[in-house]
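Asks: after the sequence you'll find the predicted model.
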Amino acid sequence: MTALFPKTFSEITLAGHTLRNRIVFGAHTANMSVNGLPGDQTIAYYVERAIGGAAMIVVEPMPVHPAAVLTRGNFRTCDDSVIPAFRKLTDRVKQHGAVVLQQLYHVGSHGDSDLSFHAHWSPSGGPSYHDSDGSHAMTEAEIEETIAAFVNAALRCKAAGFDGVEVWAAYGGLLDQFWTPFYNRREDRWGGSLENRTHFSREILTRIRQTCGPGFIVGLAVSDEPSCPTALNRDQLTEIVSGLDQDRLIDYVTCGSGGYFDYGSLMPTFLYPERLGTSLSARLKQVVRHALVTAESHIRTPENAEITIGEGSADLVSIVRGQIADPHLANKAREGTPEDIRGCLSCNQMCWGRRSRDYWISCLINPSVGRESEWGGDRFERVADPRTVLVVGGGPAGLEAARVAAERGHKVVLTEASDRLGGAFRLAGEQPRRAQILDLIRWYETRFEKLGVEVRLNTYVEGSDVAAIGADTVVLATGSLPQDNGFQKAMPDRASLAGIEHGNVHSAESVMARQARLGSRVVVVDETGGWKGCGTAWKLAEQGHKVVLVTPDALVGKELQRTAADAPLRRTLSGLGVQFRTETSVESWQGKSATLRSHLTGAHDTIDADSLVFATTNVAANWLALELAALGIAFVEIGDGVAPRQAPYAFYEGRRAAMAIGRG
């Protein structure tokens, strides 16, 4: 038990199973199955978190019925072939001291016909909030078929070596739909009164208990949407869960946030407060007498965990994205070195963002996610023959390359032309509510101190400097720069912005670096559809500027849809008075006004403005690579210096390059 987090690292018993601490790696869709079966990628992903110290792992949702299929990576339904495949997973996870369960789910009306090729089943019909389809009102026979599907899935889990199952009743899933009058308008024994509306869930839980026997953990996952008038309110949800607990039908309940009506808080980004799920968990802790209560949703850190457990809001905490970003979070906290934890950015870009596009998940700042079987997890072996490595550039690619090379035992020199590390990524951390990026950069600085990386700031490197340093391996991570001609890709026939010579035209980078003097009225041109433009507009609006956000896209924050951050962002910008001009570009600039052109009608209109800010695609800063190539000096080029892209690919290339040093 660590002195820093004594509550978090105390043991607790769950249905006869001893958990070594209170940290759960909760259920989420990793989407890594191959032909519906867990293979090496899936197994290594979960095993890494068991090695990292998680007490309990809830493996991603198993759809119990063909109507419940939601993603390409879902496991096979109603098929015993999953048993030996999952046995490999459970054996490995248990070998490293974690209790392991699987979540069982049915999405009800919110299915995905593109993947299931099956009608969505629901209590009373009604529309899907996942796609544009309607759903099928279940018959009595279909209800019984679905109950049996849950029980049979639980039996397969037991045969595969799982210690239990977590039955999904969260986010507007099928069980929640039976509970909720908005969805459940039946007039038979499955609808109407509370007793009837909970009949379906009680039958599932009771039959799993009876069939799987004592010692098999039965959990329940719930969530609430306080801002949604058609969802169950907290009193109603508390009454349901309290009744299930009173009848000893559940061993624990996991409390999340959000759902299909409040999608942004389902997987909350940094736009939301931390510890979002504790409001519900604290309420249930007041009434639940037998089951343990798990708090989930935006609990990122051991500090979050200790506060939650210490204040009595929960017995367990589910840290999902925090253990995606750093699979060894639990061990590092237990060992008293929380400063070594690579903190989640709550960005959703590569976890939920990739899952929403039906890819297997990864992590912006931890490229080993999904590659554990290929890269040996998030651990590094020291090399037998250390080399001297020069890394030029202290942005994401350079930071990761320098760190991993040093973790492997190489002597590393990192040069950075500016007076601080982080590159343009640091500027993103200056945007509202994005200071977790600055925390990450500080994490790198801490690791560099522990690993002995020599950091040379204010050091502009040319080809002759590289030759003088004489490193065995040279890694170029020189990044990219904003364009200076006002080119907009939505107007490809214009090589530059007409009127740019009038001045008062700036890049988003120069604005965030405080290098631009702006007037009160600012037009922000956002062609990236992400935080570069939207976050800059937010910052300027907070500072009191009158901002018009112009984008060629059909909506502001188009690229943020995959992270579920776009809607709350638009609400925030609107609340700050930012005006939106969608499907529009800037035709010309007059120094004190901008002429806009609609891509829908071709119409022009002119708006008054003091300053024009561009958030567009950068250009590679690759002159050092060209110089070294001319000098015949070998190098590896990574990150935006190769091609301007988003940060995940820079971190990935930095890790990959550093792992290759000395391997041939």
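Replies: Perfect, thanks for sending it.

Asks: doesn't E203 lie inside a strand?
Replies: No. Counting by DSSP: H, G, I helix; E, B strand; the rest coil, one finds E203 to be helix, located in no strand.

Asks: I'd say it and I147 touch.
Replies: Yes. With contacts counted by Cβ atoms under 8 Å, E203 reaches I147, the gap being 5.1 Å. For every residue, glycine as well, the C-beta is placed using N, CA and C.

Asks: helices of the stretch 501-650 of the chain, residue ranges please.
Replies: Listed in chain order, the helices of the stretch 501-650 of the chain (DSSP state H, counting those that start in this stretch) span 508-512, 531-542, 566-575, 623-631, 647-660.

Asks: using CSV, list the CA coordinates for the third one.
Replies: If I follow you right, that is helix 566-575. C-alpha atoms of helix 566-575 as CSV (Å, rounded to 0.1, in the frame of the first residue of the first chain):
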residue,chain,number,x,y,z
ASP,A,566,-17.7,19.3,-31.9
ALA,A,567,-21.2,20.0,-30.5
PRO,A,568,-20.0,21.2,-27.0
LEU,A,569,-17.4,23.2,-28.8
ARG,A,570,-19.9,25.0,-31.0
ARG,A,571,-22.1,25.7,-28.0
THR,A,572,-19.1,27.2,-26.3
LEU,A,573,-18.1,29.4,-29.3
SER,A,574,-21.7,30.5,-29.8
GLY,A,575,-22.0,31.4,-26.1
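
Asks: give me the neighbour count for the residue nearest to D610 when sequence neighbours are not counted.
Replies: Closest residue in space to D610, ignoring its immediate chain neighbours: G519 at 2.3 Å, by Cβ to Cβ, 6 or more residues apart in numbering. Counted with other Cβ atoms under 10 Å, the burial measure for G519 works out to 12 neighbours.

Asks: partners of the helix or strand containing A221 in the sheet?
Replies: Per DSSP states H and E: A221 is located in strand 217-224. The partner list of strand 217-224 in its sheet, established with DSSP bridges, is strand 164-168 (parallel), strand 252-257 (parallel).

Asks: got these as JSON lines, with mean pLDDT columns?
Replies: Formatted as JSON lines, the strands paired with strand 217-224 follow (pLDDT from 0 to 100):
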{"stretch": "strand 164-168", "mean pLDDT": "98"}
{"stretch": "strand 252-257", "mean pLDDT": "97"}
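
Asks: rebuild those as JSON lines, extending it with distance to L600.
Replies: Shown next, in JSON lines, are the strands paired with strand 217-224 (distance: least, Cβ to Cβ, whole Å):
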{"stretch": "strand 164-168", "distance to L600": "42"}
{"stretch": "strand 252-257", "distance to L600": "37"}
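
Asks: go through these and name the closest to E407.
Replies: Distances from E407 to each of the strands paired with strand 217-224 were compared using Cβ to Cβ; the minimum, 34.4 Å, belongs to strand 252-257.

Asks: got the CA positions of that closest one in CSV?
Replies: This file holds the C-alpha atoms of strand 252-257, laid out as CSV (Å, rounded to 0.1, in the frame of the first residue of the first chain):
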residue,chain,number,x,y,z
TYR,A,252,-21.2,-4.2,-8.4
VAL,A,253,-22.5,-1.3,-10.5
THR,A,254,-20.4,1.0,-12.7
CYS,A,255,-21.6,4.6,-13.1
GLY,A,256,-20.9,6.5,-16.3
SER,A,257,-22.2,9.6,-17.8
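
Asks: from the chain's centroid, how far away is that strand?
Replies: Relative to the mean C-alpha coordinate of its chain, strand 252-257 is positioned 19 Å out (Cα atoms, centre = their mean, to the nearest Å).

Asks: so where's the stretch 151-300 of the chain uncertain?
Replies: Applying pLDDT under 70 to the stretch 151-300 of the chain picks out no residues at all.

Asks: show me where pLDDT drops low in the stretch 551-664 of the chain?
Replies: Counting by pLDDT under 70, the stretch 551-664 of the chain has low-confidence residues at 664.

Asks: can you list the helices of the stretch 501-650 of the chain in TSV and add distance to A428 and mean neighbour count?
Replies: Below are the helices of the stretch 501-650 of the chain laid out as TSV (distance: least, Cβ to Cβ, whole Å; neighbours: other Cβ atoms under 10 Å):
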stretch	distance to A428	mean neighbour count
helix 508-512	7	23
helix 531-542	6	24
helix 566-575	14	17
helix 623-631	24	15
helix 647-660	8	23
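
Asks: and of those helices, who's closest to K88?
Replies: Proximity to K88 (Cβ to Cβ) singles out helix 647-660 among the helices of the stretch 501-650 of the chain, at 25.9 Å.

Asks: and the contacts of the closest one?
Replies: Residues from elsewhere that reach helix 647-660 (Cβ atoms under 8 Å, 6 or more residues apart in numbering): 349-350, 362-368, 375, 389, 395-405, 408, 410, 425, 428, 475, 477, 636, 638-640, 642.

Asks: one step back: out of the strands paired with strand 217-224, which comes closest to G503?
Replies: Ranking the strands paired with strand 217-224 by proximity to G503 (Cβ to Cβ) places strand 252-257 first, at 47.4 Å.

Asks: quick check: H136 is in a strand.
Replies: Yes. Secondary structure of H136 (three-state DSSP): part of a strand.

Asks: pLDDT score for it?
Replies: Listed pLDDT for H136 reads 97.

Asks: quick one, what contacts it?
Replies: When contacts are taken as Cβ under 8 Å, 6+ apart, H136 is in contact with 119-122, 125.

Asks: buried subset of those?
Replies: Neighbour-count burial (16 or more other Cβ atoms under 10 Å) is assigned, among those, to 120-122.

Asks: need the strands for the stretch 501-650 of the chain, in chain order.
Replies: Taking DSSP state E, counting those that start in this stretch to define them, one finds strands in the stretch 501-650 of the chain at 505-507, 521-526, 546-550, 579-581, 584-589, 593-598, 604-608, 611-615, 619-620, 636-637.

Asks: S223 touches Y260, doesn't it?
Replies: No. Taking Cβ under 8 Å as the definition, S223 is not a contact partner of Y260, at 10.5 Å.

Asks: joint contacts of the two?
Replies: Shared contacts of S223 and Y260 (Cβ under 8 Å, 6+ apart): 171, 266.

Asks: quick one: which of those two has more around it?
Replies: Ranked by neighbour count (other Cβ under 10 Å), S223 and Y260 place S223 first, with 28 against 19.

Asks: the more buried one pairs with what?
Replies: Beta-bridge partners for S223, by DSSP bridges, are G256.

Asks: any idea how far it lies from G370?
Replies: S223 sits at a distance of 26 Å from G370 (criterion: Cβ to Cβ, to the nearest Å).

Asks: what residues are up against the most centrally placed residue in the chain?
Replies: The geometric centre of the chain, computed from its C-alpha atoms, lies nearest to N348 (Cα atoms, centre = their mean), at 2.8 Å. Taking Cβ under 8 Å, 6+ apart as the definition of contact, the neighbours of N348 are 267, 269, 321, 562-565.

Asks: switch to 7 Å and redo it
Replies: N348 is in contact with 267, 269, 563-565, counting by Cβ atoms under 7 Å, 6 or more residues apart in numbering.

Asks: out of those, which is most surrounded?
Replies: Taking other Cβ under 10 Å to define a neighbour, the member of those with the most is A565, carrying 29 neighbours.

Asks: what's the closest of the strands paired with strand 217-224 to R433?
Replies: strand 252-257 (17.5 Å).
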